[in-house]
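> Have a look; sequence and predicted model below, questions after that.
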Amino acid sequence: MSQFAINIMFVGASFVLYIGIAIWARAGSTKEFYVAGGGVHPVANGMATAADWMSAASFISMAGLLASGGYFSSSFLMGWTGGYVLLAMLLAPYLRKFGKFTVPDFIGDRFYSSTARTLAVVCLIIASVTYVIGQMSGAGVAFSRFLEVSNDAGIWIAALIVFLYAVFGGMKGITYTQVAQYVVLIIAYTIPAVFIAMQLTGNPIPMFGMFGTHIDSGVPLLQKLNLVVTELGFKEYTADVDNKLNMVLFTLSLMFGTAGLPHVIIRFFTVPKVADARWSAGWALIFIALLYLTAPAVASMARLNLITTVYPDAAGKEQNYEAAMNNPIAFNDRPEWMKTWEETGLIKYEDKNNDGRIQFYNDKNADFAPTAEARGWKGSELYVNNDILVLANPEIARLPGWVIGLIAAGGIAAALSTAAGLLLAISAAISHDLIKKTINPNITEKGEMLAARISMAAAILLATWLGLNPPGFAAQTVALAFGIAAASIFPVLMMGIFSLTMNSKGAIAGMVTGLVTTIVYIFTYKGWLFIPGTNTLPDTAEFWILGISPLSFGAVGAVINFAVAFAVSGVTEKPPAEIREMVESVRFPKGAGTAIDH
Amino acid sequence: MADDNKSNANAAEYWSANLRLIFGSLIVWALVSYGFAILLRPLLAGIPVGGTDLGFWFAQQGSILSFIGIIFHYAWKMNKLDEKYGLEE
């Protein structure tokens, strides 16, 4: 059977599964549409949260990001997991007790203000829409690579599948498809990683193999990796960073952002009890960790593998690295997998010094230039896209065709599950917070359901359009989504729960200043509205204030938000007594069951 | 009225117990990530782990494993507090 047929089979089977679940889990009421009826088991919700959270970027790009970034990229690992600690202790249980359907719902009620509610809807939509673009284009890449359709056709297929189960199933359909999608994506991610770990270290568990011994050379894997990368002019893989402040703030921004992303928060509204919301955050992190502990292992092993593929002599025990680096493989002898991936443009070769061999090194390192010149190298000749490390893993490890089919289904599952979660958060904010709570409070249950389905369909069309015509800034948008969630949504939710005296004026002022300062700081360096060339200052470390990168500013924005909110709230009137009572009641679980029916 | 005061005092006590637990958990949370993995990494450089140092291990694995521990410990403790103060569902 051809690889194409195998891929079609795996992806097709997974689609049949998702649609079957959607038909079984149709939503019959708004409660089912928004929060899956509130009856999801905490372990199932943990799994669904993990799939909701782990996007196409986590599945396809994270290992590559870690491989190229080395130690600094650990921020992604810590940031995208540490946020769950904040969620479990500071937000999820109390918001579950509050028992409404959406995040703006809490903000609007707690701060007794439709301005605050609308502002929260705006923040939610900016954060979620920027996030969903990446999912649609990720699904497009996965489809076009594995199913041999055009990128655009891939995006349309993805949109159709999400439409089928999200519009009809709502949160209920999304929840149970996400559980299935989690299972597909974790199996797909782990199997090739286990084989690579076996081949390189003899240890079948990647997270242990990473800190184990490299079989070919007999030295620890990370030590071997440090050796070979420095011979090629790269920084040591495990090298420490100079600017610790920036790394701390970057990690903090990712953590605050993770805790403040609405599509993750609303998952905790679906469990039966407050105690379940706490457990569920723990389960979610376990399921996320299965991938996040494997990713750094894949990253280090795949990077070593790639280098020893190009420089086969550098793999062994005791050797002359100078000789090894002078003897890279000839282009014509390159392995099969490189040939297949050249067709996609994710690997490119250019014989700059016309010797028919592949020289792959860091040609941007000025200190290394003399060495490169002495070796007769005229620039690095191999371009390798970060995404290759995961996508080509099964071929690099010479695994059978069905593993490639599994990776195809896994990548698509990761993109679809996150897209569906985001689309639900967007449509619920529109139909519930804007239509029901602000514009037309007299709308019937049936009318609200219809509005929810229509806004879901509209959100899918918008996401599809943005996927087909990605704005030039697609790659930058994740920074924006996390920055906004960290600087606006996370602080206002925290203050809503932990401060009895925070009033609406303080909350609104905090949200606005947090949001505006973060957006201004990002646009100053990344270009206004991300239009290339319009940046006020160059986006390099020496121009950043205190060396704080625009990607790390979300944490600063959050601090500004807190400070402004307390300052304004301190000099204006106290919130009404019933708000105080409401805050006191969200702080303990008793009586949560009744709150949900409103 | 007396009952009300009693239940208010009870809820306030429950809340400060929760705050203490959160505070302790956040110290561990910050120590394993911002501490061991970033700011204190140079101090841990002398402790070798699989070809590199303990700080690198915390950055790539140790912090995540600790986070899982923190959440489950918090959930377990809080569920006991809920019962102790009679505030469970």
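The structure has been received and is ready for your questions.
> Show me what the lengthiest helix in chain B is packed up against.
Longest among the helix segments of chain B by residue count, using DSSP state H, is helix B:2-30. Applying 3 or more CB pairs under 8 Å, 6 or more residues apart in numbering or on different chains; DSSP states H and E, one finds that helix B:2-30 contacts helix A:74-86, helix B:63-84. For the C-beta atoms, the positions are set from N, CA and C on the backbone; glycine is no exception.
> Try it again at 7 Å.
helix B:63-84 (3 or more CB pairs under 7 Å, 6 or more residues apart in numbering or on different chains; DSSP states H and E).
> Just the CA trace of the helix it packs on, in CSV.
Output in CSV follows, covering the C-alpha atoms of helix B:63-84 (Å, rounded to 0.1, in the frame of the first residue of the first chain):
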residue,chain,number,x,y,z
SER,B,63,9.9,22.2,37.0
ILE,B,64,7.1,20.4,35.1
LEU,B,65,7.2,17.4,37.4
SER,B,66,7.1,19.8,40.4
PHE,B,67,4.1,21.7,39.0
ILE,B,68,2.1,18.4,38.8
GLY,B,69,3.0,17.7,42.4
ILE,B,70,2.0,21.2,43.5
ILE,B,71,-1.5,21.0,41.9
PHE,B,72,-2.3,17.6,43.2
HIS,B,73,-1.1,18.5,46.7
TYR,B,74,-3.2,21.7,46.6
ALA,B,75,-6.3,19.8,45.4
TRP,B,76,-5.9,17.2,48.1
LYS,B,77,-5.4,19.7,50.9
MET,B,78,-8.2,22.0,49.7
ASN,B,79,-10.7,19.1,49.5
LYS,B,80,-9.8,18.3,53.1
LEU,B,81,-10.2,22.0,54.1
ASP,B,82,-13.6,22.0,52.4
GLU,B,83,-14.7,19.2,54.7
LYS,B,84,-13.1,20.5,57.8
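> ok, now how distant is the residue nearest to residue A:57 when sequence neighbours are not counted from residue A:521?
With sequence-adjacent residues excluded and distances taken as CB to CB, 6 or more residues apart in numbering or on different chains, residue A:57 is closest to residue A:134, at 6.0 Å. As judged by CB to CB, to the nearest Å, residue A:134 and residue A:521 stand 21 Å apart.
> what's the average pLDDT for the longest helix of chain B?
The average of the pLDDT scores along helix B:2-30 is 90.
> If you count neighbours, what's buried in that helix?
B:11, B:14, B:15, B:18, B:21, B:22, B:25, B:28, B:29, B:30 (16 or more other CB atoms under 10 Å in any protein chain shown).
> with these in mind, which one is nearest to residue A:178?
Proximity of those to residue A:178 (CB to CB) peaks at residue B:29, which lies at 26.6 Å.
> In a strand, residue A:208, correct?
No: if the criterion is DSSP: H, G, I helix; E, B strand; the rest coil, then residue A:208 is helix and not within a strand.
> Whichever residue of the stretch 401-550 of chain A sits closest to chain B and residue A:505, how far apart?
Distances between the stretch 401-550 of chain A and chain B by CB to the nearest CB are smallest at residue A:498, namely 8.4 Å. Going from residue A:498 to residue A:505 by CB to CB gives 18 Å.
> Tell me which of these two has more neighbours.
residue A:505 (19 against 15; other CB atoms under 10 Å in any protein chain shown).
> before we move on, the earlier item: can you pick out the residue with more neighbours from residue A:134 and residue A:521?
residue A:134 (25 against 22).
> check contacts around that one.
A:55, A:56, A:57, A:474, A:477, A:478 (CB atoms under 7 Å, 6 or more residues apart in numbering or on different chains).
> C-terminal to the helix or strand hosting residue A:303, what's the next element?
Using DSSP states H and E, residue A:303 maps to helix A:294-310. Using DSSP H and E, the next helix or strand after helix A:294-310 towards the C-terminus is helix A:321-325.
> name the helices or strands packed onto the following helix or strand past that next one?
Following helix A:321-325 in sequence order, the next helix or strand is helix A:336-342 (DSSP H and E). In terms of contacts (3+ CB pairs under 7 Å, 6+ apart), helix A:336-342 is packed against helix A:393-396.
> Helix or strand next in line after the helix it packs on, which one?
helix A:401-428.
> buried set for that next one?
Result for helix A:401-428 [16+ other CB under 10 Å]: buried residues A:401-428.
> buried set for the next helix or strand after that helix?
As assigned by DSSP H and E, the chain's next helix or strand after helix A:401-428 is helix A:445-468. Buried positions in helix A:445-468, judged by neighbour count with 16+ other CB under 10 Å: A:448-449, A:451-453, A:455-456, A:459-460, A:462-464, A:466-467.
> tell me the angle of the longest helix anywhere in chain A relative to helix A:401-428?
When chain A is scanned for its longest helix (criterion: DSSP H), the result is helix A:151-201. Helix A:151-201 runs at 130 degrees relative to helix A:401-428, counting by axes from the mean of the first three to the mean of the last three CA atoms, to 10 degrees.
> Check the offset of helix A:151-201 from the chain's centre.
14 Å (CA atoms, centre = their mean, to the nearest Å).
> Same question for stretch B:56-73.
The answer for stretch B:56-73 is 11 Å, by CA atoms, centre = their mean.
> Stretch A:496-503 now?
30 Å.
> now swap in stretch A:517-528 and tell me
The answer for stretch A:517-528 is 21 Å, by CA atoms, centre = their mean.
> Mind listing what's buried along that stretch?
A:517, A:518, A:519, A:521, A:522, A:523, A:524, A:525, A:526, A:527.
> show me what contacts residue A:170?
Residue A:170 touches A:27, A:32, A:33, A:34, A:424, counting by CB under 7 Å, 6+ apart.
> per-residue pLDDT, it?
Value listed for residue A:170 in the pLDDT field: 91.
> cool, the one 5 residues further on as well?
Here, the pLDDT recorded for residue A:175 equals 95.
> and what of residue A:346?
82.
> Repeat that for residue A:92.
For residue A:92, the pLDDT comes out at 97.
> Can you spell out which helices and strands pack onto the helix or strand hosting it?
Secondary structure assignment for residue A:92, by DSSP H and E: helix A:92-98. Contacting helix A:92-98 under the criterion 3+ CB pairs under 7 Å, 6+ apart are the following elements: helix A:274-292, helix A:577-586, helix A:592-595.
> how about the second one as CSV, C-alpha atoms only?
What that stands for is helix A:577-586. Provided in CSV are the C-alpha atoms of helix A:577-586 (Å, rounded to 0.1, in the frame of the first residue of the first chain):
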residue,chain,number,x,y,z
ALA,A,577,-22.6,45.3,49.2
GLU,A,578,-24.1,42.5,47.1
ILE,A,579,-20.9,42.3,45.0
ARG,A,580,-19.0,41.8,48.2
GLU,A,581,-21.3,39.0,49.1
MET,A,582,-20.9,37.5,45.6
VAL,A,583,-17.1,37.5,45.9
GLU,A,584,-17.3,35.9,49.4
SER,A,585,-19.5,33.2,48.0
VAL,A,586,-17.2,32.2,45.1
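> just checking, what packs against that helix?
Judged by 3+ CB pairs under 7 Å, 6+ apart, the packing partners of helix A:577-586 are helix A:92-98.
> mean confidence score for whichever helix or strand comes after the helix it packs on?
Counting by DSSP H and E, the next helix or strand C-terminal to helix A:92-98 is helix A:103-110. For helix A:103-110, mean pLDDT rounds to 96.
> which one of the helices and strands packed on helix A:92-98 is the most hemmed in?
Of the helices and strands packed on helix A:92-98, the one with the most neighbours on average (mean count of other CB atoms under 10 Å in any protein chain shown) is helix A:274-292, at a mean of 25.
> contact partners of that one?
A:42-43, A:45-47, A:49-50, A:53-54, A:58, A:77, A:81, A:84, A:87-88, A:92-93, A:96-97, A:182, A:186, A:189, A:268, A:271, A:589, A:592, B:64, B:67-68, B:71-72, B:74-75, B:78-79, B:82, B:89.
> and it with helix B:63-84, angle?
170 degrees.
> quick one: contacts for residue 74?
Picked chain A for this. B:37, B:59, B:60.
> You answered for a different chain; I wanted chain B.
So residue B:74 contacts A:88, A:89, A:278, B:21, B:25 (CB under 7 Å, 6+ apart).
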